[in-house]
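Participant: quick one: sequence and predicted model below, then my questions.
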Amino acid sequence: MRTILVSAALALAISSSAQAQNAPRTYDLGPVWQISYIETKPGMFDDYMSYLNSTWRGIQEADKKRGDVLDYRVIAVDSPRDGEPDVILMVQLKNMAVLDRPPEEGEAVMTAAFGSVPKANQAAVSRESVRVLRGQVTGRELTFKK
């Protein structure tokens, strides 16, 4: 009797998984989004926006010209609570391979934007005086098939 029950349960499990595997995929893999959550320090919102509008934007435009960045956005958060971001940066990358480019390419971008890699590193430290990075998420967009 026990063998019959185990066999029946196994058969039911196998048929259920076979049905699940037959479900058609209704989506395709789309571009990749990098989303950064930024909290500007008190009185520093305009200073940080000035940086975004100059250097950060220049880096995005250079990457866009090269074809790695498809689009980018700056979102202002309405009424953030203490410790929450008041700025969200969204960068749309063409694919995951963009994240795996050779270090020399990234260094060339930083040199073009800041003058040298050490200056880029110092600028990253200086930005901490106007903002705090509260987190970052990288995810792939899924596009539904028609």
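Facilitator: That came through, no problem.
Participant: so the spatially most central residue of the chain: helix, strand or coil?
Facilitator: With the centre of the chain defined as its mean C-alpha position, the nearest residue by CA atoms, centre = their mean is Gln34, 1.3 Å away. Of the three states, Gln34 takes strand according to DSSP: H, G, I helix; E, B strand; the rest coil.
Participant: ok, it touching Val91?
Facilitator: Yes: with contact defined as CB atoms under 8 Å, Gln34 reaches Val91; the gap is 4.6 Å. From N, CA and C alone the C-beta is placed, and that goes for glycine too.
Participant: check contacts around the residue lying closest to Glu141 once chain neighbours are set aside.
Facilitator: The spatial neighbour of Glu141 that comes closest, neighbours along the chain excluded (CB to CB, 6 or more residues apart in numbering), is Gly30 at 3.6 Å. Counting by CB atoms under 8 Å, 6 or more residues apart in numbering, Gly30 touches Arg140, Glu141, Leu142, Thr143.
Participant: can you check Arg57 too?
Facilitator: With the criterion set at CB under 8 Å, 6+ apart, Arg57 makes contact with Tyr72.
Participant: how about Met96?
Facilitator: Val32, Arg140.
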